[in-house]
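[1] I need the structure of the sequence given here:
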Amino acid sequence: MFSSDPVVRVKDASIFQEQNTVLRDINFEIDKGEFVFIIGRTGSGKSSLLKTLYADLPLRQGEMSVAGFSIREIKAQQVPLLRRKIGIIFQDFQLLADRTVGENLLFVMKATGWKDNAKMKNRLAEVLMQVGLGAVEKKMPHQLSGGEQQRVVIARALLNEPVILIADEPTGNLDPEVAQGIMKIFQQINKSGTAILMATHSYGLIKKFPTRVLKCEDGKLLDSNKDQFEVSPELF
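    Numbers count the residues shown, from 1 in each chain. Next up is the predicted model:
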């Protein structure tokens, strides 16, 4: 059954870093297939908001639903089910250094309940092709460039066909040219119907790929769909 509900819905939520409130009374939705940037200075609450969305930090105030799960009420044993429906991409890759690319992906598939070896091999090949890496399955992460490692991380995030990718500074460690290549992959994924929420410190990317922007500033979350604000280089 097709649902037109937003993939993310946040209502009157406050976000905490330990005991400090970093964002208060935030309200926004992300629809299926939407591409949204989130920006703000270091410490403005971007990463804490993302971690709350994928249930790495608890939601103590307000309401939040992600991929059909209530984050306020989610039980520990439901978190893996939530994370099968979302793809999470970090700045620092977090690939297992002692395993090949293929073994890294198979590890995630087994951990998320895949059983059929033939289906696993097919899906592994599909996601590597999707990110433009047909021939790296047998390579170790250290044999790949930073851009290639980040493509593997994106492939890993796509394994379970997520409804949304949450990406925290995915181009932060990459030079501008490689970052643009990664951005084009995100656009292709987005065109195929996956929503993307991407935190970035790159003013250049936002200028080059204009889309909706959420901005964390002074404890508030501004939304370019509703609020007037300028995206200027000083923010980055």
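[2] Geometrically speaking, which residue is the centre of this protein?
    The residue lying closest to the centre of the chain (C-alpha atoms, centre = their mean) is residue 166, at 1.5 Å.
[3] Pull up the pairing partners for the one helix or strand that one maps to, direction included.
    Using DSSP states H and E, the element containing residue 166 is strand 164-168. Partner strands and pairing direction for strand 164-168 (DSSP bridges) are strand 86-89 (parallel), strand 195-199 (parallel).
[4] between those strands, which one is nearest to residue 10?
    strand 195-199 (11.1 Å; C-beta to C-beta). Any C-beta I mention is one placed from the backbone N, CA and C, and that applies to glycine too.
[5] give me the element residue 215 is part of.
    Residue 215 belongs to strand 212-217 when assigned by DSSP H and E.
[6] So which bits of that strand are buried?
    Buried residues in strand 212-217, counting neighbours by 16 or more other C-beta atoms under 10 Å, are found at 213-216.
[7] cool, stretch 47-61 as well?
    47-55, 57, 59.
[8] lowest confidence element among the helices and strands of this structure?
    Sorting the helices and strands of the chain by mean pLDDT, DSSP states H and E puts helix 203-208 at the bottom, at a mean of 88.
[9] who does that helix touch, helix- and strand-wise?
    strand 35-39, helix 176-191 (3 or more C-beta pairs under 8 Å, 6 or more residues apart in numbering; DSSP states H and E).
[10] by how many degrees do the last one and strand 195-199 diverge?
    Read that as helix 176-191. If you take axes from the mean of the first three to the mean of the last three C-alpha atoms, to 10 degrees, helix 176-191 sits at 150 degrees to strand 195-199.
[11] Could you do the shortest one as well?
    Angle between the axes of strand 35-39 and strand 195-199 is 20 degrees (criterion: the same axes, to 10 degrees).
[12] Just the helices from the chain, written as ranges.
    46-53, 79-85, 101-111, 117-130, 146-158, 176-191, 203-208 (DSSP state H).
[13] Give me the contact list for the least confident helix or strand of the chain.
    By C-beta atoms under 8 Å, 6 or more residues apart in numbering, the residues outside helix 203-208 that reach it are 37, 39, 171, 176, 179-180, 183, 200, 213, 231-233, 235-236.
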